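J.: need coordinates for the below:
(one chain, ligands or ions: 1)
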Amino acid sequence: MAERYHLPVGLLNRLRCTAEHLKPRTNGGRESLDNIVAACVFCNQTRHKMRDVLSPVAYQQRVRRRVEARKWHPLECHPLLR
Ligand SMILES: [Zn+2]
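T.: Predicted coordinates:
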């Protein structure tokens, strides 16, 4: 993949798919399908670290706006985000 898209391996690791708990396990979130979505490592690690933690829907809207503005993840990743 890294060679195919001419991307550094570290950048691909940032985009690796993870299981994101919409309600964190530390806050009583369950290991159930309605509480788990696919998210890249970056989103999974950053959403809950925001000063004002956004709801899953608000975070999704934020990511979509930023992707459209080409301000989400380094520009080299954008061909993979389409
Ligand atoms: Zn992401």
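
J.: how far does the lengthiest helix in the chain sit from its chain's centre?
T.: Using DSSP state H to define each element, the chain has its longest helix at helix 56-68. With C-alpha atoms, centre = their mean, to the nearest Å as the basis, the distance from the averaged C-alpha position of helix 56-68 to the chain average is 10 Å.

J.: which strand or helix spans the nearest residue to I36 once chain neighbours are set aside?
T.: Using C-beta to C-beta, 6 or more residues apart in numbering and skipping the chain neighbours, the partner closest in space to I36 is A19 (5.0 Å). No exception for glycine: its C-beta is placed from N, CA and C like everyone else's. Under the criterion of DSSP states H and E, A19 resides in strand 17-21.

J.: contacting residues around the longest helix of the chain?
T.: Residues from elsewhere that reach helix 56-68 (C-beta atoms under 8 Å, 6 or more residues apart in numbering): L22, V37, C43, R47, L54, W72, H73, H78, L81.
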